[in-house]
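> Whatever this is, show me its structure:
(2 chains)
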Amino acid sequence: MSAPTQVLFDEPGPKARRNNIILSIVSALVLAGLIAFIIWKFADAGQLDAAKWYPFTFSQIQLVLLQGMAATLKVAVVASLLALVVGVVFALLRLSSKKVISVPGTIVLEFFRGVPVLLLIFAMFLIFGNTIGAFWSVVIGLTLYNGMVLAEIIRAGILAVPKGQREAAMAIGLRPGQVMSLVLMPQALRAMMPTIIAQIVVLLKDSALGFIVTYQDLLYQVNLIGREYNNLLPTFLVGAVLFIIINMIVAGIARWLEKRLQRKATAPVGAEGLSAKAAG
Amino acid sequence: MDFPQLLEMFLSGIWGTVKLFTVALIGALILGTILAGMRVSPTPVLRIAASTYINVVRNTPLTLVMFFCAFGLPFLDIRFGSTSSFNSFIYATLALTAYTACFVAETLKSGISTIPVGQAEAARAVGLTFGQTLSQVVLPQAFRTVIPPLGSVIIALLKNTSIASAFNNRELISAMRNAIEVRGDLVIPLLFGTALAYLILALILGRVFDYLERKLVILR
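Reported below is the predicted structural model:
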């Protein structure tokens, strides 16, 4: 006998199967109605006219959208790399045995983790915007916020490495820095890789905030094209699909890595507890 | 503009944030629970619909969702009320609700999967239907198990309300930007004050969740 896969209902009998079919049809009709309503609304607003979609055949428009996508990816890649560096540094600061290092580190971390990332981007833009420009305002804002989140993830990973690893490394005469960089950090990063990538997906999504400080990313171009050709919704849909594809690819990589790593090593206890559930 | 006026501006901004947060929170909890229920329901169509919705919206940046609500819905002639500020508020609420509900649903679903099978079996044995099992046996327990992760989702919602400032909604960040416009000499104190306001709000929320967790935790 196989274990029940569904907790909540039994294997359906004849009557339940019939009810199920009726319910399926009803809910399918309701959903179809909902979708039809949305399409009707779109058509009513004239957003489905061929003329509204025609601009996407212009190579100029395609180029602008691609440029927007490249700009979005550029922010995300630079900020991810910097956030990883910040994450490692702050994880080490917080793990330091010296209070003068760990306490300020904790305060700074809690501060940047606790405020909206948009506020950090604005802060950079308002204080240094004239010298560093929109690109770096967005990158630094994203780096500060996500770096602190990554620091907590990495710290949890280091703490979860079995104690014997550190002891053994010290016993063979490695210096504390070597213990960390050669033994503990590689294991921590590897165990936490799925969670780290999940956070990078969050960063990627947040990179759309660049639009708000006039950084010319995908959303900015969508807005521009949509207003220029009076086809905001078609452009929006194209932009959304591009965004969702990028995110699903990165999320897919995360899942693949998780499976791969699970086969090779068991993730430390508590690793999932930290997984980026945050909706930011 | 002197200090009392600035303070007044900020307080109205905080009120705007709290209002947006509260309404969106209620909406997200309701929609999230419905989505979670759909995902575990015996009807395949509902399961597929819910998981498609969750996967699509969760992978969309909130800025994009809000962009659609604030700029797209007026295009489709979907408006609420007569004033533009009320409209902006509803658009922002819709976006935050639609987005956060996905995370609420995911969290709840993982909570549901921690409920021992025996609970649902017992519920069925005493003759409860699927709806009754879900609403009276499984969900109450699931909510209590997921309080800590739900807390982080809700604190993220608080921080996400800031994005509404870019779409004409009046809240803390828009109050800060207005204040900076008139008092350019105070940029850094104003930024710092705003950050502090968010930290305090998040701290209060964190306390509430600690309390709820202590009160409602299920020991197994």
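
> how deep is A:Ala208 tucked in, by neighbour count?
28 (other Cβ atoms under 10 Å in any protein chain shown). Any C-beta I mention is one placed from the backbone N, CA and C, and that applies to glycine too.

> From chain B, how far out is it?
Relative to chain B, A:Ala208 is positioned 4 Å away (Cβ to the nearest Cβ, to the nearest Å).

> Ok, A:Val77 next?
16 Å.

> In which helix or strand does that residue reside?
Using DSSP states H and E, A:Val77 sits within helix A:59-95.

> Can you spell out which helices and strands pack onto that helix?
In this structure, helix A:59-95 makes packing contacts with helix A:99-114, helix A:117-160, helix A:185-206, helix A:218-228, helix A:232-264, judged by 3 or more Cβ pairs under 8 Å, 6 or more residues apart in numbering or on different chains; DSSP states H and E.

> Export the ones you listed as a markdown table, with columns for mean pLDDT and mean neighbour count.
Output for the helices and strands packed on helix A:59-95, formatted as a markdown table (pLDDT from 0 to 100; neighbours: other Cβ atoms under 10 Å in any protein chain shown):
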| stretch | mean pLDDT | mean neighbour count |
| --- | --- | --- |
| helix A:99-114 | 93 | 15 |
| helix A:117-160 | 93 | 22 |
| helix A:185-206 | 89 | 22 |
| helix A:218-228 | 87 | 21 |
| helix A:232-264 | 82 | 17 |
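
> okay, the ones you listed in JSON lines with distance to chain B next?
Converted to JSON lines, the helices and strands packed on helix A:59-95 look like this (distance: least, Cβ to the nearest Cβ, whole Å):
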{"stretch": "helix A:99-114", "distance to chain B": "5"}
{"stretch": "helix A:117-160", "distance to chain B": "5"}
{"stretch": "helix A:185-206", "distance to chain B": "4"}
{"stretch": "helix A:218-228", "distance to chain B": "6"}
{"stretch": "helix A:232-264", "distance to chain B": "4"}
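
> Can you list the buried residues in the helix or strand where A:Leu31 lies?
Secondary-structure element containing A:Leu31, defined by DSSP H and E: helix A:14-44. Under the neighbour-count criterion of 16 or more other Cβ atoms under 10 Å in any protein chain shown, helix A:14-44 has A:20, A:23, A:27-28, A:41-42 buried.

> overlap between the residues you listed and the residues near chain B?
Counting by Cβ under 8 Å from any Cβ of the partner chain, the subset of the buried residues of helix A:14-44 that neighbours chain B consists of A:20, A:23, A:27-28, A:41-42.

> Can I get those in a markdown table including pLDDT?
Output for these, formatted as a markdown table (pLDDT from 0 to 100):
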| residue | pLDDT |
| --- | --- |
| A:Asn20 | 83 |
| A:Leu23 | 86 |
| A:Ser27 | 88 |
| A:Ala28 | 90 |
| A:Lys41 | 84 |
| A:Phe42 | 82 |
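
> which among those gets closest to B:Leu158?
A:Lys41 (31.6 Å; Cβ to Cβ).

> List the contacts of that closest one.
B:76-78 (Cβ atoms under 8 Å, 6 or more residues apart in numbering or on different chains).

> So among those, which ones count as buried?
The neighbour count (16+ other Cβ under 10 Å) marks B:Leu76 as buried among the contacts of A:Lys41.

> Can you list the buried residues in the helix or strand of chain B with the lowest mean pLDDT?
The weakest-scoring helix or strand in chain B, judged by mean pLDDT, DSSP states H and E, is helix B:73-75 (a mean of 84). With burial defined by 16+ other Cβ under 10 Å, the residues of helix B:73-75 counted as buried are B:73, B:75.

> quick one: average confidence on the helix or strand following that helix?
Beyond helix B:73-75 on the C-terminal side, the first helix or strand identified by DSSP H and E is helix B:84-112. Taken as a whole, helix B:84-112 has a mean pLDDT of 94.

> For helix B:84-112, buried residues please.
Judged by neighbour count using 16+ other Cβ under 10 Å, the buried positions of helix B:84-112 are B:87-112.

> How about stretch B:187-204?
Judged by neighbour count (16+ other Cβ under 10 Å), stretch B:187-204 contains these buried residues: B:190-191, B:193-195, B:197-198, B:201-202.
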